[in-house]
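>>> here is the input, now give the coordinates:
(2 chains)
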Amino acid sequence: MIMFALRTVLKMAITLFVIITLVFFATRLSGNPIDIVVGEGLTQEDRAVLTAYFGLDAPVWEQYLRYLRSILAGEFGISFLERRPVSQIVAERIGPSLQLLASSLALTLAVAVPLGIAAALYRKSWIGSAVMIVAFLGYAVPNFVLAIFMILIFAFTLNWLPVVGNGSPWHFVMPTIAMSGVLIAALTRFTRNAMLDVLGQDYMRTARAKGLPEHVVIFKHGLKNAGVTILSVLGLQIAGMAASGNVVIEAIFSWPGIGDLLVRSAIMRDYPVLQFGVISVALAVVVINAVVDIAYAWADPRIRLAGG
Amino acid sequence: MLRLLLSTALATGLAVTAQAQEITVGAANVSSYLDPGRDHSNVGSQFYYNAFDTLIGKNHDVIGAEWRPALATEWQLVEPKVMELKLRQGVTFHNGEEMTADDVVFSLNRMYQATFAPYLVRSRDRLGNFTGAEKVDDYTVRITVEKEEPLWETLLNLQQVMIIPEEYTKALAGDPTVAEDSDFEAFSLAPVGTGPYRVSEFVPGERVVYERFDGFWGEPAPLARATVRHIPETASRLTALKTGEADIVTNIAPDQLALIESDDSLRAVGSATPLFHVMIMNMNHPKLRDPRIRQAMSLAIDRDTLNEALWLGKAVVPSSHTLAEYGDLYMPELKTFEYNPEKARQLLQEAGYDGFEITFDTHPVYYTNGLLAAQAITEMWAEVGLKGRVDVAEMWSGNDPEMMARNWSNPMYFADPFGSFGVMWAPGGPSQSEGRFNTDAEYAEIWERFRFSKDVAARKAAYAELMERIRQDPPVLPLYRPYESWAMKKNVNWAPKPGHIPYVLDFRAGSISFSDS
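Residues are numbered from 1 along each chain as shown, chains lettered A, B, ... in the order given. Model (predicted):
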């Protein structure tokens, strides 16, 4: 078991190293921050002065080694634009993003799990079909389309809900729904399938045969077993959402989070911030993956033995 | 539930009306740093005038140069190359320090004798003639120049030489008695000036909050508080006006003006911003060395049609590289650029154009309508037989020897031809330095006369000569002054003032008020 965990961590480290390397060189191929950070009209002489100021005058491989060293020391560099540590900037931004993620997660669980169970239990009635149709539709509507429709109705026309920032609980309503839409659709379908798998199992029949009430059978024996798989899928979905979903939704709702920061640093070629952003998203995905792997192995000896 | 939502929304709306002295501005972009010295960006220029003062002020209600005392109450040349300024007494910075000659000398010399890279770069192109400032007594300073300076007031009115506190800045980082790079970097996150508003909160890229500064030396600020916050999406900015979350929003696209005009509670103001979107052409590209080819590229472009199609006719197409904001130096009589497809065809024939392809580089989104203009321009080239191709890339190609033509902009950094054409097209300036523009001894001589003649007529004559050189061997075509709009609630009386550089959000006394509605 320990060997398996070590192998997983090693794989994780290698993946991260590859990502850090790719991100470092990809950002440098994509354009020069000096053109954008400083604006129009630079002589070559001035350009050289600023290149040195931003530490971009050293050979790229040397910058790369310097960057690796600073990461090992726990520092992610200084923003070109703001001239303060990236970690400080991100610390300012991470709160609002996590709040939105948490509210979306809560809404997703609250809606998708009951719907999924209902769809599984009533799979042969119209209820099950209706749930699945709604889930398919939800999956087909991109979150930004949902966001813009909501804004048009609830803010622009009816003037019920605010659209800018995260100042009050009301500010959470539309971004949370927009972020959760696709996730709810996905998780509903997944919960339904997981429940269907479980419902046919022998232990469910045994539980019923023991004379347990139906809700105990469903929730204690059914959902508990389906739950592990549901949560692992949700974990990966969230990591993905942290990467992409946030960027668009945060822009639309002027949410002062990481997504907004990433967009700006990409446009302005603020390499240190951009690198840190991509790396932290990668880290989230990799860690969640590893945790899921290890949890599976812990739960199922076959995986850790076959895990080579 | 709906009723609850509704009543909350109403209550929010009422609260806003009750405190009309506070406003929220939804801005497409918010600065990532606030230091007037190192900044000359269009994003940054929005923010400085509320919180900082220059030594010499300006009447921004009028076009042209109407100078006014600001932090300096009087100024006069004591020698041909030395200006002496008397400082206003009793001026306090937002941190409570009193402003003295030391602060002024510190602020000026941080630019005139710059060592911090971002200052160095900003001062070279416009303040190169200024050698230094020195203190005479606590309320008198002297500024020295290298050559006799005809633009004293203009260049003491620049955003880059706004006054900041010495002690405060030096103490921000490292040794509190020495001005280090880290001090200036820290200052740009915690700016302090002498203006009618202090920056009470600054979250880079996110929001700037101004609060009325009661210790201001001049007419008190009309607003108790103004919050400028980042609302990146145009649709969200407009919606924020409707929901009452913003009172003014910036950067409304021309095609959205109709939406505002159709709404009784909103209004829009706009103006053709004093900056040019331009097309630049590489004089040194092997295929474009013949000026006739570049003349044809320029003559083929029907800028009025571009204006009609892309800007609903609200942009302004110039006949020369000249802006009304220059006042006495405005020269609309110059006919440097024109649309003449016949002549373009003829020139191409004379030059023996063999149908080679000319690429036009453009960033996908950086300039409003930039990509559309590029496409239209290559179509217009096709009309006269020029084969063009649009190349969309985010990379700046202005310093690439392979670059043939591309879009760029020439902002008006200050209201003088030196502040726009002069910065970009000076001998040894950015354009020449990037290898796409050549100057010779004659050009340099004309440029000297334009830059340093003390007589306005002599400067105008020299500028006309420069424009003639540009016409004969063109490196640039100003396309238009883009039209910029701001939208606001009907009860807000605000508009960009004609005496400012582009994009200034001026909330000083006399610049913003509210009407009952």
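
>>> chain A contacts on the stretch 151-300 of chain B?
If contacts are counted using C-beta under 8 Å from any C-beta of the partner chain, the residues of the stretch 151-300 of chain B sitting beside chain A are B:185, B:188-189, B:203-207, B:229-233, B:235-236, B:238-240, B:242-246. C-betas here are computed from N, CA, C, even on glycine.

>>> narrow those residues to those in helices?
B:185, B:235, B:236, B:238, B:239, B:240, B:242, B:243 (DSSP state H).

>>> mind putting these in JSON lines, pLDDT included?
Putting those into JSON lines (pLDDT from 0 to 100) gives the following:
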{"residue": "B:185", "pLDDT": "95"}
{"residue": "B:235", "pLDDT": "88"}
{"residue": "B:236", "pLDDT": "91"}
{"residue": "B:238", "pLDDT": "92"}
{"residue": "B:239", "pLDDT": "92"}
{"residue": "B:240", "pLDDT": "94"}
{"residue": "B:242", "pLDDT": "90"}
{"residue": "B:243", "pLDDT": "91"}
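
>>> which among these gets closest to chain A?
residue B:185 (4.0 Å; C-beta to the nearest C-beta).

>>> neighbours of the closest one, how many?
Each residue near residue B:185 was counted by other C-beta atoms under 10 Å in any protein chain shown, and the total is 20.

>>> hey, which helix or strand in chain A has the poorest pLDDT?
helix A:301-306 (a mean of 62; mean pLDDT, DSSP states H and E).

>>> ditto for chain B
Lowest on mean pLDDT, DSSP H and E among the helices and strands of chain B sits helix B:2-18, with a mean of 47.

>>> let me see the mean pLDDT of stretch B:387-399.
The predicted model gives stretch B:387-399 an average pLDDT of 90.

>>> what does that stretch contact?
The set of residues that contact stretch B:387-399 without belonging to it, under C-beta atoms under 8 Å, 6 or more residues apart in numbering or on different chains, is A:30-32, A:35-36, A:44, A:47, B:280, B:355-364, B:371, B:374-375, B:377-378, B:381-382, B:403, B:406, B:408, B:431, B:434-436.

>>> how about the CA coordinates for that stretch, as CSV?
What follows is stretch B:387-399 as a C-alpha-only set of coordinates in CSV (Å, rounded to 0.1, in the frame of the first residue of the first chain):
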residue,chain,number,x,y,z
LYS,B,387,-2.5,42.3,-53.4
GLY,B,388,-3.0,42.4,-49.6
ARG,B,389,-3.4,39.8,-47.0
VAL,B,390,-4.4,40.2,-43.3
ASP,B,391,-2.1,38.5,-40.8
VAL,B,392,-3.7,38.2,-37.4
ALA,B,393,-1.3,37.7,-34.5
GLU,B,394,-1.0,38.9,-31.0
MET,B,395,2.8,39.5,-31.3
TRP,B,396,3.9,43.0,-31.9
SER,B,397,5.6,43.0,-35.3
GLY,B,398,6.6,46.7,-35.5
ASN,B,399,10.2,45.8,-34.9
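
>>> helix/strand/coil for the residue lying closest to residue A:214 once chain neighbours are set aside?
Excluding its sequence neighbours, the residue lying closest to residue A:214 (C-beta to C-beta, 6 or more residues apart in numbering or on different chains) is residue A:208, at 7.7 Å. At residue A:208, secondary structure determined by DSSP: H, G, I helix; E, B strand; the rest coil is helix.

>>> which of the contacts of stretch B:387-399 fall within strands?
Of the contacts of stretch B:387-399, the ones assigned to strands by DSSP state E are B:280, B:357, B:358, B:359, B:360, B:361, B:362, B:406, B:408.

>>> write the PyMOL selection for whichever of those residues are buried.
The following PyMOL command selects only the buried members of those, with burial defined by 16 or more other C-beta atoms under 10 Å in any protein chain shown:
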select buried, chain B and resi 280+358+359+360+361+362+406+408
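
>>> in the ones in strands among the contacts of stretch B:387-399, find the pair that's most separated.
Greatest spacing in the ones in strands among the contacts of stretch B:387-399, by C-beta to C-beta: B:357 and B:408 (20.7 Å).

>>> which residues of the stretch 151-300 of chain A fall in helices?
A:169-199, A:202-209, A:214-216, A:224-240, A:246-252, A:258-267, A:271-299 (DSSP state H, counting those that start in this stretch).

>>> lowest-confidence stretch among these?
Set side by side, these show their lowest mean pLDDT on helix A:224-240, which sits at a mean of 74.

>>> hang on, the earlier thing: which among the contacts of stretch B:387-399 end up buried?
A:31-32, A:35-36, A:47, B:280, B:358-363, B:371, B:374, B:377-378, B:381, B:403, B:406, B:408, B:431, B:434-436.

>>> report the buried residues of stretch A:5-25.
With burial defined by 16+ other C-beta under 10 Å, the residues of stretch A:5-25 counted as buried are A:7, A:8, A:12, A:15, A:16, A:19, A:20, A:23, A:24.
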